[in-house]
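> this one's sequence-less:
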């Protein structure tokens, strides 16, 4: 199983060179885990981007793809585990919650966010240069 971080979804939706390398992963919805926090972050980004001229149907397609995946709701176990991980690795709250979800589910965290670089179970690739 794979857990694409919010930045992966955003880069893919924006059609950046970084996002293009994740298209294949994101199309395999049966292998993806999506925390509700990632849904929140992506929807929030989409609402801002729509205001900047992004087509609303693209945003809706992204959320639909997420719904076709295994969506995980934040629970007490993840929250408490995330607090430990945030302290141990100096992660921001959202990053710690996403990382805790990936670890608990034994999923590979796919990301281009440097905050995760070097962490166990993380497939980090820096953003591609334009």
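The structure has been received and is ready for your questions. The model shown is predicted, which means the values in this text are computed figures rather than measured ones.
> buried residues, stretch 91-109. List them.
91, 94-103, 105, 107-109 (16 or more other CB atoms under 10 Å). Quick note: C-beta positions are derived from backbone N, CA and C, even for glycine.
> now the strands for the chain?
2-4, 33-35, 70-72, 108-111, 122-124 (DSSP state E).
> picking that back up, farthest pair within the buried residues of stretch 91-109?
94 and 108 (18.6 Å; CB to CB).
> now tell me which helix or strand of this protein has the poorest mean pLDDT.
Ranked by mean pLDDT, DSSP states H and E, the weakest helix or strand in the chain is helix 56-67, scoring a mean of 81.
> first to last residue in stretch 21-34, what's the distance?
19 Å (CA to CA, to the nearest Å).
> quick one, helices of the protein?
Secondary structure of the chain (DSSP state H): helices at 6-14, 17-20, 23-27, 36-51, 56-67, 76-89, 93-104.
> for the ones you listed, which has the smallest mean pLDDT value?
Of all the helices of the chain, mean pLDDT reaches its minimum on helix 56-67 (a mean of 81).
> and the angle for it with helix 36-51?
Put simply, helix 56-67 runs at 170 degrees to helix 36-51, going by axes from the mean of the first three to the mean of the last three CA atoms, to 10 degrees.
> show me what helix 56-67 is packed up against.
The contact analysis (3 or more CB pairs under 8 Å, 6 or more residues apart in numbering; DSSP states H and E) places helix 56-67 against helix 6-14, helix 36-51.
> looking at those helices, which is closest to residue 69?
Closest among the helices and strands packed on helix 56-67, using CB to CB: helix 36-51, at 9.8 Å.
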